[in-house]
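Visitor: Would you be able to build a 3D model of this:
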Amino acid sequence: MVIGALLAVAILAGAGVGYLAGSQLTITRTSTETTWLTSTEVALQSSASNSSWKFVVSINATTVEIGQPLLLWANLTNTSPSNRTIRPYVEPFVNPSISASNGTRVWAWDPPEVTWPNTNVTGGQSLSERIDIPTTNLRDGIYTIDVAPLSSEFSDNFNLTMRFSVGTTTTQSVASTATVQAGQVLYASSVSPDGLQLQVALNSSTMVPQGEVTVHIELLNTLSRNVSLGVVTNDNISAWDGADFFCGENPSYSLVGFGVFSGHFTAENISKAESPLQLAAPLEAPCPYRLPLNDTTFLPNSDKTISFSYYGQTQEPSLPVTAEVNATTSYCTSSPSATETMISCPTTSGLLGYWSPGAVNGGDFALTSKGFNYFPPGEYTIVATDDWNQNVYATFDVL
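Guide: Residues are numbered from 1 along each chain as shown. Modelled structure (predicted):
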C-alpha cells in the first residue's frame, strides 16, 4: 500500500487520527538523507540517534522575511542492517510546531493522520517529509521549532528544537562588535537563533615588525542548556585549514576556522580578497585521514562539545571537541643524526608572519628561511567563521 493512499484514507475519514487495527505496513522507500536534499539547501540541521535509528531535521534558512515560507525536511533512517519495527507508526510521522520566544505556540502543522499498529522499516531505508511552514501570520522575532517522531517507540532524546528568526530582511547579520576587556580586544558576533556566539580575542590591535599578536577564536554556547546541532561543512573553513594548520588538521574538527588576509576587509568587500596568508610551514608530509563531524552537542555556557562522526551508516564513538582554535605561525627544524633526520614543527604562541608559496628552498622551514616573511607594516584582517555561517572580522596593524 502506498503512502498516498494512507493520506487519502485519513482525509476521507475526516478525523484527526485514523487507526487501522490488525494491519501492518512495510516501508521500503528508496529515498535516503543523501538524496533527499543537497547541502546547499541546508542552513541549519539538528539530529538525534541511537543504535538503530537516526532522526535528522533540516531547515533552509535561519532568517526569513514575513510571508516567505520556511522549508523543513525530516528524515528518520533505520541505520541497522535488519528490519526494524515501529509500534505504533503514525503517518505523517512528524507534526512540527512553532513557539514564540515567550513559549506561546503560534503554529502547528496538524495534518490528518493514520496510525498503523505494527510497521516495519527495512534496513538502511528512510522515512521523509518535506513541510512548507507559513510565516505570513508571524511577527518579527525569534521562534522555536519543535519536532519529533510521533511514535512512542522513540525517547525524548529524539525531540529536536531549532531556532529561526523572522524579520523584514533575509540577510544574515555578520557584523561584529569590538570591545576592550581585561587588556584584550574582543570581537563578537551577535547571538545566533541557536544561542551560539562566535568570538575573536586579540591581546593587542597593534604590533611592531617581528613582534607577535595572540589570537584566540571560540564558538560559545551562551545558553544554560545543551544545544544539539547537525554539522554542515563550511567550505571556507575547509579551504582555509590548509593554510592555517599542518595537514589541515584543525583542532576544533573545523567547527570554527579562520583566514588571515593582508588589507582591511569586511563582509562588503571580502569577495575581493586574495587567498589567505599561509601560516603553516608548507612542508609536504604524509597526512592521516580524519572523519568529519556529523553531529555535535554544545554543553551549557561553554565552547565544549560532545561530537559524533559517521563511517557510512555506522556512528563512531562520541568524542569531546572544544570549539576553539588559536591563530599561530608554524615552522620546522631538523635534527640530523647518523641514521635519520628528526623534523620538529612547533607553532609560535601567536601570529608573527607568513610563508611565501613556492619560495622555500632546500627544505628550509625555519623562521630564518628566505621563504618566511615577518608581517610588514600595514593592516591585516582575521576572518573567523563557523559551521553555522557566523562571521567575525577582526583587524590588527603592524606599525
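Visitor: Got phi/psi on the residue lying closest to Asp241 once chain neighbours are set aside?
Guide: Spatial nearest neighbour of Asp241, excluding adjacent residues (Cβ to Cβ, 6 or more residues apart in numbering): Gly248 at 4.0 Å. Backbone N, C-alpha and C define where each C-beta goes, glycine included. Note on Gly248: its backbone torsions stand at phi 70, psi 20 [degrees, to the nearest 10].
Visitor: these two touch, right, Gly248 and Gly242?
Guide: Yes - judged on Cβ atoms under 8 Å, Gly248 makes contact with Gly242 at a distance of 4.4 Å.
Visitor: If Phe261 is in a bridge, with which residues?
Guide: Taking DSSP bridges, one finds Thr381 as the beta-bridge partners of Phe261.
Visitor: residue ranges with poor pLDDT in the stretch 101-250 of the chain?
Guide: Counting by pLDDT under 70, the stretch 101-250 of the chain contains low-confidence ranges at 167-178, 180-183.
Visitor: mind checking which helix or strand the residue lying farthest from the centre of the chain is in?
Guide: Relative to the C-alpha centroid of the chain, counting by Cα atoms, centre = their mean, Ala338 is the outermost residue, at 48.1 Å. Secondary-structure assignment from DSSP states H and E places Ala338 in no helical or strand segment.
Visitor: cool, Arg139 as well?
Guide: Assessed by DSSP H and E, Arg139 sits outside every helix and strand.
Visitor: Next up, the contacts around Leu196.
Guide: For Leu196, the contacting residues are Leu219, Leu220, Asn221, Thr222, Val227, Phe298, Asp386, Trp388, Gln390, by Cβ atoms under 8 Å, 6 or more residues apart in numbering.
Visitor: Filter these down to the buried ones.
Guide: In the contacts of Leu196, burial by neighbour count holds for Leu219, Leu220, Asn221, Val227, Phe298, Asp386, Trp388, Gln390, counting by 16 or more other Cβ atoms under 10 Å.
Visitor: didn't the last one look like it was pressed against Tyr187?
Guide: No - between Gln390 and Tyr187 there is no contact, the gap being 11.6 Å when judged by Cβ under 8 Å.
Visitor: Which stretches in the stretch 1-150 of the chain count as strands?
Guide: Secondary structure of the stretch 1-150 of the chain by DSSP state E, counting those that start in this stretch: the strands cover 17-19, 24-27, 44-49, 53-59, 63-65, 70-78, 84-86, 89-91, 97-100, 105-108, 113-116, 118-121, 126-133, 141-147.
Visitor: Now do the buried residues in the fifth one.
Guide: When you say that, I think you mean strand 63-65. The neighbour-count check on strand 63-65 (16+ other Cβ under 10 Å) flags Thr63, Val64 as buried.
Visitor: how distant is it from the center of its chain?
Guide: 19 Å (Cα atoms, centre = their mean, to the nearest Å).
Visitor: In its sheet, which strands sit next to it, and in what direction?
Guide: The pairing partners recorded for strand 63-65 under DSSP bridges are strand 160-167 (parallel).
Visitor: what angle separates the strand it pairs with from strand 53-59?
Guide: Inter-element angle recorded for strand 160-167 and strand 53-59: 0 degrees (by axes from the mean of the first three to the mean of the last three Cα atoms, to 10 degrees).
Visitor: how far out from the middle of the chain is strand 160-167?
Guide: With Cα atoms, centre = their mean as the basis, strand 160-167 stands 15 Å off its chain's centre.
Visitor: which parts of it are buried?
Guide: Of the residues in strand 160-167, Leu160, Thr161, Met162, Arg163, Phe164, Ser165, Val166 count as buried by neighbour count, 16+ other Cβ under 10 Å.
Visitor: Any figure for the gap between the second one and Pro193?
Guide: When distance is defined by Cβ to Cβ, to the nearest Å, Thr161 is 11 Å away from Pro193.
Visitor: Which strands or helices does the helix or strand harbouring Thr385 pack on?
Guide: Per DSSP H and E, Thr385 falls inside strand 378-386. Using 3 or more Cβ pairs under 8 Å, 6 or more residues apart in numbering; DSSP states H and E, the elements in contact with strand 378-386 are strand 196-202, strand 215-221, helix 235-244, strand 256-262, strand 391-398.
Visitor: Could you export these to JSON lines, including columns for distance to Leu352?
Guide: Below are the helices and strands packed on strand 378-386 laid out as JSON lines (distance: least, Cβ to Cβ, whole Å):
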{"stretch": "strand 196-202", "distance to Leu352": "13"}
{"stretch": "strand 215-221", "distance to Leu352": "11"}
{"stretch": "helix 235-244", "distance to Leu352": "14"}
{"stretch": "strand 256-262", "distance to Leu352": "11"}
{"stretch": "strand 391-398", "distance to Leu352": "10"}
